[in-house]
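Chemist: Quick one, structure for this:
(one chain, ligands or ions: 1)
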Amino acid sequence: MAKYIFVTGGVTSSLGKGIIAASLAKLLQARGFKVTIQKFDPYINVDPGTLNPYEHGECYVTEDGAETDLDLGHYERFLNIHTSQLNNVTTGRIYQTVINKEREGAYLGKTVQVIPHITDEIKRRMLLIGKEGGYDIVITEIGGTVGDIESLPFVEAVRQIQWELPEEDCLVVHLTLIPYLKAAKELKTKPTQHSVKLLSQEGVHPDIIVCRTERSLSKELRRKIALFCNVREDAVIEASDASTIYEVPLMMLKEKLDVICLKKLNVTIFPDPDLKEWKLFLDKLKHPKSVVNIGLIGKYIELQDAYKSILESFIHAGAMNECKVNVVNVHSEHLDDQNVEEKLKELDGLLVAPGFGNRGTEGKITAIRYARENHLPFFGICLGMQMACVEFARNVLGHQQAHSVEMDDKTPEPVIDMMEEQKKITNKGGTMRLGAYDCAIQEQTLAHGIYGQTLIQERHRHRYEFNNRYLTAFEEHGMIASGKNPDSGLVEMIEIKDHPFFIGVQFHPELKSTVERPAPLFVHFIQAAKARAHQKQKTEAGALAAAARS
Ligand code: GLN
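Modeler: Modelled structure (predicted):
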């Protein structure tokens, strides 16, 4: 039987519930427990797949093709496990199931209501993963902030589960904010008291309070929070700002969050956590021996969360290379032939990001041309690969009007075309080519050197593909398809031979990068950027020495 930990949030959003949940899970995993995390989101979209990145940040994709909240990315990166369709549930999905059942006549003439029908479906899904996955502990993060109208049914479901299960089988962690008032020079506990009161009014009493704070909590303050929120003093946990999210598990270890949880769950014997690998990673992350500047070309660069998995993959790959990856955001809409040299000349590598729609694509193509012609390490992901093919068709094969039919459905040279099976689909939600697919890698290619394997699986999220009609011409001119899907023949990876590192992938390697297993493509891309930076330094030093001699 699994035990359940629920994580709620109070006072404000963006407190980092996902990171706290993932950190707690990491500690429990490091103590030998089999743990997973799931997220319940109160919005009505069936999944975040149709949401704009401005609304919801990156859309994360699991191995089995679920389009999910970006917190699932943190869970996978911290725990080094795969999540699935089961790990992210929205209000929309709950209602969809209940309404479908009502249409089937499953409720036998009863009035279908929020309580019990919606809450029963929430409870069923909250407990399902624990029953099916053989986990010791299931952590469930409730999205949104306590007090929101839309999260009420979720909190009610937690209340009922607490009432139904033995007391030692579940607990609630409430994450809250302790703001510092500069004028008063004081940390304030009142918002926390109010949010705990709100939660209690909804019938759920937290067992542990995790306090996000800019300043350290004094003993008196912890006592005050414990007294007014009715929890034990050792159950008031300080979560101060960290220099990196990967430090949070160690901060929570110091605060004994995992031990307090295990005691409440009546697990009294447990081994010390094994965090050797984690600490090694942190050590490398904090003490880099070199630095590279990588340009991230995209149209959502002003938005921290839009390229979350890519940024985290740079952190993993950077640590592995003992190198600080300085990401330089370059807005694709502001790039053109006139300014490209100026904007990209200091870079050691260029990553062209995934995306949808026409906006910013000409800037991406301009940047890719610069990288190809100047031997700057280039890495294109999904749309980034597609635009590399368009650039090659235009500037090497001479097809000036080449494009992807996504951007120009009348192009006479559709080097990127809609996938055959996509042509009859009209619905937008959950209908792209999603999840993990095989990719067969050709030997004696850059891709093969990077993966060291001839068959890999990577995750996808796209509707368009390389048009194989152009493959012979591409290969004759030096751009080869080094990876293909063995069943459909879809081009999954392209590369240019006569270039230090020019690689484009139709899949999303960033979705499988974890602290323990950084994505090989990112590791090698950073290596190539390091080599370029090193070469640049040598040339500059040589020029200086020559100038001094003359
Ligand atoms: N818009 C492109 C497609 O649908 C690329 C998608 C992506 O970059 N994820 O094929």
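Chemist: For the rest of this, base every contact and every neighbour count on C-alpha atoms.
Modeler: Will do.
Chemist: for the stretch 451-550 of the chain, what spans make up the helices?
Modeler: Taking DSSP state H, counting those that start in this stretch as the test, the helices found in the stretch 451-550 of the chain are 471-476, 520-549.
Chemist: which residues are in contact with the shortest one?
Modeler: Helix 471-476 is contacted by residues Phe392, Ala393, Leu397, Ile480, Ala481 when judged by Cα atoms under 8 Å, 6 or more residues apart in numbering.
Chemist: got the buried residues for that helix?
Modeler: For helix 471-476, the buried set under the neighbour-count rule, 16 or more other Cα atoms under 10 Å, comprises Leu471, Phe474.
Chemist: pull the CA atoms of that helix into CSV?
Modeler: Taking C-alpha atoms only, helix 471-476 is exported to CSV below (Å, rounded to 0.1, in the frame of the first residue of the first chain):
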residue,chain,number,x,y,z
LEU,A,471,16.7,14.0,-49.5
THR,A,472,18.9,13.0,-52.4
ALA,A,473,19.6,16.6,-53.3
PHE,A,474,20.3,17.5,-49.7
GLU,A,475,22.7,14.6,-49.3
GLU,A,476,24.5,15.3,-52.5
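Chemist: Determine how far that helix lies from the middle of the whole chain.
Modeler: Relative to its chain's centre, helix 471-476 lies at 35 Å (Cα atoms, centre = their mean, to the nearest Å).
Chemist: any chance of the helices of the stretch 451-550 of the chain in CSV, plus mean pLDDT and distance to Gly295?
Modeler: Shown next, in CSV, are the helices of the stretch 451-550 of the chain (pLDDT from 0 to 100; distance: least, Cα to Cα, whole Å):
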stretch, mean pLDDT, distance to Gly295
helix 471-476, 97, 26
helix 520-549, 92, 11
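Chemist: what's the most distant pair in the contacts of helix 471-476?
Modeler: Across these, the longest distance by Cα to Cα is 15.9 Å; it joins Leu397 and Ala481.
Chemist: quick revisit: from the helices of the stretch 451-550 of the chain, which stretch is densest packed?
Modeler: Ranked by mean neighbour count, these are led by helix 520-549 with a mean of 16 (mean count of other Cα atoms under 10 Å).
Chemist: that older thread, more neighbours: Leu397 and Ala481, which one.
Modeler: Legend: neighbour count by other Cα atoms under 10 Å for Leu397 and Ala481, higher for Ala481 (26 against 15).
Chemist: That one pairs with what?
Modeler: In this entry, Ala481 is beta-bridged to Ile494, by DSSP bridges.
Chemist: what about stretch 271-291, average pLDDT?
Modeler: For stretch 271-291, mean pLDDT rounds to 96.
Chemist: Pull out the buried residues from it.
Modeler: By 16+ other Cα under 10 Å, the buried positions in stretch 271-291 come out as Leu275, Trp278, Phe281, Leu282, Lys284, Leu285, Pro288, Val291.
Chemist: And the strands in the stretch 401-550 of the chain?
Modeler: Under the criterion DSSP state E, counting those that start in this stretch, the stretch 401-550 of the chain contains strands at 402-404, 413-418, 433-441, 455-462, 464-466, 479-484, 491-496, 502-505.
Chemist: okay, the ones you listed, which one's buried deepest?
Modeler: When the strands of the stretch 401-550 of the chain are scored by mean count of other Cα under 10 Å, the highest mean neighbour count falls to strand 502-505 (a mean of 27).
Chemist: what's the spacing between the host helix or strand of Val7 and its chain's center?
Modeler: Using DSSP states H and E, Val7 maps to strand 3-9. Offset of strand 3-9 from its chain centre (Cα atoms, centre = their mean): 21 Å.
Chemist: same deal with stretch 125-134?
Modeler: Mean C-alpha position of stretch 125-134 versus that of the full chain (Cα atoms, centre = their mean) differs by 23 Å.
Chemist: quick one: contacts of it?
Modeler: Residues outside stretch 125-134 that contact it (Cα under 8 Å, 6+ apart) are Met1, Ala2, Lys3, Lys34, Leu86, Asn87, Val89, Tyr135, Asp136, Ile137, Val138, Thr140.
Chemist: thought the second one was touching Pro166?
Modeler: No. With the criterion set as Cα atoms under 8 Å, Ala2 and Pro166 do not qualify as a contacting pair; they are 11.6 Å apart.
Chemist: between those two, who's got more neighbours?
Modeler: Ala2 (19 against 11).
Chemist: Compute the distance between Pro249 and the ligand, please.
Modeler: 31 Å (Cα to the nearest ligand atom, to the nearest Å).
Chemist: Helix, strand or coil: sort out that residue for me.
Modeler: With DSSP: H, G, I helix; E, B strand; the rest coil as the basis, Pro249 sits in helix.
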